[in-house]
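Undergrad: Pasted the sequence and its predicted model underneath.
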Amino acid sequence: MEQTFVAFGHLSLVICHWSFVIGHWSLVIGYWLLVISYSRTVQFPIPHSPFPIPHSPMPTGIFSNSWITQSARILFRGATPPDASKFRLALVNTASLGRTSSLADFISNELLPNNNYARAVANFSSDGSYDTTDQRHELPTISASFSASGGSLQFQTAFLIADSSAASSKSFTSSDVNPTSDRITISAHSFVNGDKLVFTADSLAFLPGGITAGTVYTVSSVTTNDFQLTGVDITDTGSGTFRARSANGIIVAYAVETSPITVADGQGYSYQIPLVVLNSGYVTGS
């Protein structure tokens, strides 16, 4: 019998008097308040039981330092806002990450595209509307889901990334690296000139000479099946299997679970994120 377990939590971000105070996926600007709350849903087959299903506490959601800075640039300096169609939720292994972690830190530890893992679209479907009763503007709830197939998924951190690419990473081996031409071959890679990549090496592998882990590189001289990296002189092929990880975009926010979450084969896991914008001095309701 399949049942659905839903746990609710609140994420909020407050900015008072034009300074940022971070807590629980929320942002407050002056007397404007942007509040994000969320729930998570786990679907799994269990025998019928009259007893409550045990679950871990909800994680605290936090905006990244880079997003706080970018938000200020957008609001007060006219910077280009992110593409509304390119918000995605992604999952990270058990690596320790925080507000000061870089884009490369998050991307380098994102789950590999195995067992049906893929970044989940997390876009608002419309502008929403103003609720005159509760005195707030309500945006449509973001729903982002993951499912395991062919094996389990294990993660401890979920992060929201703006201006992102759909594909998380592509694999290649040392035989696909040409130090003479400085080109990397990945069949039908789908990268375009200007894309950003971070490279990691699988267990017992060593990255090609000239490519450093934790560095964001820019794709150039693209063809259908190979490409170069701007300004990179590849000195050797390295050894083993590598990952070219998509690093387009900016980390918006993240939430760390208290312990690793395992989504077993055939199960699903989703986040529901409603968002409202309000004047904290006049809001009513909850």
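TA: Arrived safely.
Undergrad: Let me see the ranges of the helices in the stretch 101-250 of the chain.
TA: In the stretch 101-250 of the chain, the segments counted as helices under DSSP state H, counting those that start in this stretch are 103-108.
Undergrad: Now do the strands in it.
TA: 120-121, 129-131, 136-147, 153-162, 169-173, 177-178, 183-185, 196-201, 217-220, 226-229, 241-246, 250-263 (DSSP state E, counting those that start in this stretch).
Undergrad: Just give the strands next to the fifth one in its sheet, each with its orientation.
TA: Think strand 169-173. As defined by DSSP bridges, the strand partners of strand 169-173 come to strand 241-246 (antiparallel).
Undergrad: chain center to the partner strand: distance?
TA: Going by C-alpha atoms, centre = their mean, to the nearest Å, the spacing between the C-alpha centre of strand 241-246 and its chain's C-alpha centre is 17 Å.
Undergrad: wait, what's in contact with residue 238?
TA: For residue 238, the contacting residues are 174, 177, 201, 205-209, 211, taking C-beta atoms under 8 Å, 6 or more residues apart in numbering as the criterion. In short, each C-beta sits where N, CA and C put it, glycine included.
Undergrad: 6 Å instead?
TA: 174, 206-208 (C-beta atoms under 6 Å, 6 or more residues apart in numbering).
Undergrad: One more: residue 143?
TA: Applying C-beta under 6 Å, 6+ apart, one finds that residue 143 lies in contact with residue 272.
Undergrad: Looking at it now. What's its pLDDT?
TA: At residue 143, the pLDDT value in this model is 85.
Undergrad: What's opposite it in the beta bridge?
TA: residue 272.
Undergrad: got it, and residue 110?
TA: Counting by DSSP bridges, residue 110 is bridged to residue 92.
Undergrad: before we move on, the earlier item: and the contacts of residue 238, which are buried?
TA: For the contacts of residue 238, burial is judged from neighbour counts taken by 16 or more other C-beta atoms under 10 Å, and it is met by 174, 207-208.
Undergrad: any idea which of those is closest to residue 243?
TA: Of all these, residue 207 has the smallest distance to residue 243: 10.0 Å, by C-beta to C-beta.
Undergrad: quick one: low-confidence ranges for the stretch 151-286 of the chain?
TA: Scanning the stretch 151-286 of the chain for pLDDT under 70 picks out 280-286.
Undergrad: What is the neighbour count of residue 146?
TA: 23 (other C-beta atoms under 10 Å).
Undergrad: What residues does it make contact with?
TA: 120, 269.
Undergrad: same deal with residue 138?
TA: The neighbours of residue 138, taking C-beta under 6 Å, 6+ apart as the test, are 128, 131, 276.
Undergrad: How much space separates it from residue 79?
TA: To residue 79, residue 138 is 26 Å away according to C-beta to C-beta, to the nearest Å.
Undergrad: What of residue 206?
TA: Residue 206 sits 39 Å away from residue 79, going by C-beta to C-beta.
Undergrad: cool, residue 183 as well?
TA: In terms of C-beta to C-beta, residue 183 sits 34 Å off from residue 79.
Undergrad: Out of the two, name the residue with the larger neighbour count.
TA: residue 183 (17 against 13).
Undergrad: With adjacent residues omitted, what lies nearest to residue 116?
TA: When the adjacent residues along the chain are set aside, residue 116 lies closest to residue 149, with 3.8 Å between them (C-beta to C-beta, 6 or more residues apart in numbering).
Undergrad: From residue 192, how far off is that neighbour?
TA: The span separating residue 149 from residue 192 equals 29 Å under the rule C-beta to C-beta.
Undergrad: One more: residue 215?
TA: As defined by C-beta to C-beta, residue 215 lies at a distance of 20 Å from residue 192.
Undergrad: just residue 164 next, same as before
TA: Using C-beta to C-beta, one obtains 14 Å as the distance from residue 164 to residue 192.
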